[in-house]
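Asks: sequence and predicted model, in that order:
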Amino acid sequence: MSSTLGTIFRISTWGESHGPALGVVVDGCPSGLELSADEIQVDLDRRRPGQSSLTTPRNEADRVEILSGVFEGKTTGTPISLLVRNTDQRSHDYGDMEFLYRPGHADLAYDLKYGFRDHRGGGRSSARETAARVAAGAIARKILREKCGVEILAWVSQVGSVSAPARDSFPTREEIEASPVRCPDPAASARMAEEVERARSEQDSVGGVVEFAVLNPPAGLGEPVFDRVEAELAKAMLSIPASKGFEIGEGFRAAEMHGSEHNDRILHGPEGFSFATNHAGGTYGGISVGSPIFGRVAFKPTATIGREQQTVSRTGEPAVLKAKGRHDPCVALRAPAVVEAMAALVLADLWLRDRARR
């Protein structure tokens, strides 16, 4: 089972939802980068469970420990090993799942592929594993910020049928974090919260959309065939548990547009080339041009719900499952930190690859 991402800035994650800990080994980080556990913790706190009444009540502190690769507050250039301990597991809630397959989950797929699985919370298929991604992403984010001036933001733009109105500019971190659902539009945020509460009260779940923006990205990242910026981002985003769709720039709306509308007019001034619009989402031919890279990731409703569902046992017998455990009624609410991390991991790797090529 592969759990590795990246070429030069490379991460390998490990651990299960109900094991003693999760973690990640980061290889390829440049030496001399000032790094502390507190800096990584900022992003983990934005992802962690139990942070509001709208998320899972599983209450993990998600305190990160740096085990290697940092000496006297600076990276040494050797592998950085990060650990996050699990402290609030309730594995007994998953007793029935040893014999019954949860509809919408990876239980059956794992058995079909491996013939064996960890039924406690889904093991590696649980979104709990994204804690390791966020920890590694915090390092990638710092590299991009300090070396290139890059800022990465992600926010919730839709929950169920409730969508935030289109904006003329990207939101600020303060606007995003002021909302319990991480939607920068106050009116839409309130309606989204109601949508989540409604799904929870009905022992159901609801999906959502997370938008992201990479501000001030370096020009020249990516390759024009298979290693396109958007292709690398798509792979990273669609590797996030519960993700079901990815768009960059205008995305699927581009199919409704004419070329005269979609083409971004090229400008030239004292500071060089720029674009009058950014329908493309910051990339042409798979290569970044310095314009903001932005897109959207769609997340399905949480698979595990409190309602009774028809299913089958491992031996193929019909059964009824009413899942126990503690689950998010909408996984999209905690996904912005994960989306930001995946964008940072991809772009840090592309930047290091480009630097090596030059």
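Replies: Arrived safely.
Asks: which residues of the stretch 51-200 of the chain fall in helices?
Replies: Using DSSP state H, counting those that start in this stretch, the helices of the stretch 51-200 of the chain run over 107-114, 130-148, 173-177, 186-201.
Asks: which stretch among those comes nearest Ser274?
Replies: The minimum distance between Ser274 and these falls on helix 130-148, with 17.5 Å, by CB to CB. Glycine gets a C-beta too; all of them are placed from N, C-alpha and C.
Asks: on contacts alone, who are the packing partners of the closest one?
Replies: strand 10-15, strand 21-27, helix 37-47, strand 80-85, strand 151-159, helix 335-357 (3 or more CB pairs under 8 Å, 6 or more residues apart in numbering; DSSP states H and E).
Asks: in JSON lines, list these along with mean pLDDT.
Replies: Converted to JSON lines, these look like this (pLDDT from 0 to 100):
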{"stretch": "strand 10-15", "mean pLDDT": "97"}
{"stretch": "strand 21-27", "mean pLDDT": "97"}
{"stretch": "helix 37-47", "mean pLDDT": "95"}
{"stretch": "strand 80-85", "mean pLDDT": "97"}
{"stretch": "strand 151-159", "mean pLDDT": "98"}
{"stretch": "helix 335-357", "mean pLDDT": "97"}
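Asks: closest to Arg120 out of the ones you listed?
Replies: strand 10-15 (12.3 Å).
Asks: so what touches the closest one?
Replies: Residues outside strand 10-15 that contact it (CB atoms under 8 Å, 6 or more residues apart in numbering): 3-5, 21-28, 84, 86, 129, 132-133, 136, 345, 349.
Asks: same thing but 10 Å
Replies: By CB atoms under 10 Å, 6 or more residues apart in numbering, the residues outside strand 10-15 that reach it are 2-6, 21-29, 79-86, 123-124, 126, 128-133, 135-137, 139-140, 341, 345, 349, 352.
Asks: what residues does Ser288 make contact with?
Replies: 214, 217-222, 228-230, 281-282, 347, 350-351, 354.
Asks: can you pull out the strands in the stretch 201-350 of the chain?
Replies: Taking DSSP state E, counting those that start in this stretch as the test, the strands found in the stretch 201-350 of the chain are 208-215, 243-248, 266-269, 272-275, 283-284, 287-288, 293-299, 308-312, 318-322.
Asks: ok, and the closest non-adjacent residue to Ala188?
Replies: Counting by CB to CB, 6 or more residues apart in numbering, Ala164 is the residue found nearest to Ala188 once chain neighbours are left out, at 3.9 Å.
Asks: now swap in Thr130 and tell me
Replies: Distances taken as CB to CB, 6+ apart put Val338 closest to Thr130, at 4.7 Å, once the chain neighbours are dropped.
Asks: burial of that neighbour, as a residue count?
Replies: 28 (other CB atoms under 10 Å).
Asks: swap in Leu221?
Replies: Neighbourhood size, Leu221 [other CB under 10 Å]: 27.
Asks: could you list the low-pLDDT ranges of the stretch 1-150 of the chain?
Replies: 49-53, 55-60, 88-96, 121 (pLDDT under 70).
Asks: ok, the residue nearest to Thr130 - contacts?
Replies: 43, 46-47, 127, 130-131, 133-134, 137, 154, 210, 237, 240-243, 297, 299, 331.
Asks: what about Thr172, neighbour count?
Replies: There are 13 residues near Thr172, going by other CB under 10 Å.
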